[in-house]
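K.L.:
Predicted model and sequence below, questions to follow.
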Amino acid sequence: MKVKLGQAVKMFFGNSSLEMVYFEAISNSLDADATEINLEINIDAISRAETLKIIIEDNGLGFDDWRYKKFSKLFDVEESSHKGLGRLVYLCYFEEVEVDSIFDNNRQRKFTFSENFDEEDNEVSIISNVPPRTTLTMDRCTLQKVATYDFLLPTKIKTKILDEFYTRLFQYKIAGRKIVININSTISGKLHSEILSTDDIPDMLLVEMDATLNLYDKFQLYYSIKEVEPNETSLISAISVDNRTKKVDIIAEENIPTGYKMVFLLMSDYFIGKVDVTRQNLTLTKTELREIQKSF
């Protein structure tokens, strides 16, 4: 049974935001073992959303036959931490996504992802020995306007990506694996650039705790507290859910101690799958959230 992608997009991602395009592409790149991801954004002006073009390239394993088959089928997942729906968010903002992927060092697959996507419509060719890479080109933007520069400026995008993937990047850092994400935006002909890498993740201390939510799962609280200039004061307090970071408020913004940069990450197997299919909302109960805040 085939799914009408247009209806699925409206059903699951009717309340999405443009930043989710970046999140989904980066998550897929990391799942494909990429160590370098290049995000290129081009737009004539924020008022001319129809000129928005996004290109995302990575050095991951590429769309081999197995990965292409999984991409072609919604809800085809092997772990509860994967939802099998994220790629639909591309079609909230672009009519089509051109995919060009090199895999197995000598094979190249090209296909177009759109509301009329058909698994059979892909072209595979044999090429010279070339390292794996995948490029997504998102064109023909359907937005009337881009709501804010926060979706376009690398400084803002870097912060949003870091907030979303803090725990995953931290785990890569612990494992000694370096990830680099290059972010470049050309807005009205002016280039803006930022680099996000695992080097941006601080070293952290660990506190082991017994969970009060059940008798089985343990909590691991990783934290970092550094003195900084008063204007650099910040606090990140979050839980790790399916390799994504979800913020949990533990201190009102006006009560954050000035002159400190603080990070608190709470990890536990208890949180696996505790997010909706679009990854936008936690599915924890109010009681569970209160217990988590107590733990922090």
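P.N.:
Now that the structure is in, tell me what you want to look at.

K.L.:
Count the residues that sit near the nearest residue in space to Glu119 that is not next to it in sequence.
P.N.:
Nearest residue to Glu119, sequence neighbours excluded (CB to CB, 6 or more residues apart in numbering): Ser72, at 4.0 Å. Every C-beta, even on glycine, is put in place using the N, C-alpha and C of the backbone. For Ser72, the number of neighbouring residues by other CB atoms under 10 Å comes to 16.

K.L.:
swap in Gln220?
P.N.:
For Gln220, using other CB under 10 Å, the count is 14.

K.L.:
Could you tell me whether it really is in a strand?
P.N.:
Yes - under DSSP: H, G, I helix; E, B strand; the rest coil, Gln220 falls within a strand.

K.L.:
got a list of what it touches?
P.N.:
Neighbouring residues of Gln220 by CB atoms under 8 Å, 6 or more residues apart in numbering: Leu206, Val207, Glu208, Met209, Leu266, Met267, Ser268.

K.L.:
Take stretch 154-173, keep the C-alpha atoms, and write them as PDB.
P.N.:
C-alpha atoms of stretch 154-173 as PDB (Å, rounded to 0.1, in the frame of the first residue of the first chain):
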ATOM      1  CA  PRO A 154      24.900  30.700  10.500                       C
ATOM      2  CA  THR A 155      25.400  32.000  14.100                       C
ATOM      3  CA  LYS A 156      21.700  31.300  14.900                       C
ATOM      4  CA  ILE A 157      21.700  28.000  13.000                       C
ATOM      5  CA  LYS A 158      24.800  26.800  14.800                       C
ATOM      6  CA  THR A 159      23.100  27.500  18.200                       C
ATOM      7  CA  LYS A 160      19.900  25.600  17.100                       C
ATOM      8  CA  ILE A 161      21.900  22.600  15.800                       C
ATOM      9  CA  LEU A 162      24.000  22.500  19.000                       C
ATOM     10  CA  ASP A 163      20.800  22.600  21.100                       C
ATOM     11  CA  GLU A 164      19.300  19.800  19.100                       C
ATOM     12  CA  PHE A 165      22.400  17.500  19.000                       C
ATOM     13  CA  TYR A 166      24.300  18.400  22.100                       C
ATOM     14  CA  THR A 167      24.100  15.000  23.600                       C
ATOM     15  CA  ARG A 168      25.000  13.200  20.400                       C
ATOM     16  CA  LEU A 169      28.000  15.400  19.700                       C
ATOM     17  CA  PHE A 170      29.100  14.900  23.400                       C
ATOM     18  CA  GLN A 171      28.900  11.100  22.900                       C
ATOM     19  CA  TYR A 172      31.000  11.400  19.800                       C
ATOM     20  CA  LYS A 173      33.600  13.500  21.600                       C
END
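
K.L.:
which residues touch it?
P.N.:
19, 22-23, 26-27, 30, 39, 41, 149-151, 178-179, 181, 183-185, 192-194, 196, 198, 200-201, 204, 222, 236, 238, 240, 243-245, 247, 263, 265, 267.

K.L.:
let's see it at 6 Å
P.N.:
For stretch 154-173, the external contacting residues (CB atoms under 6 Å, 6 or more residues apart in numbering) are 19, 23, 150, 179, 183, 185, 192-194, 196, 198, 201, 240, 243-245, 265.

K.L.:
Appreciated, that's everything.
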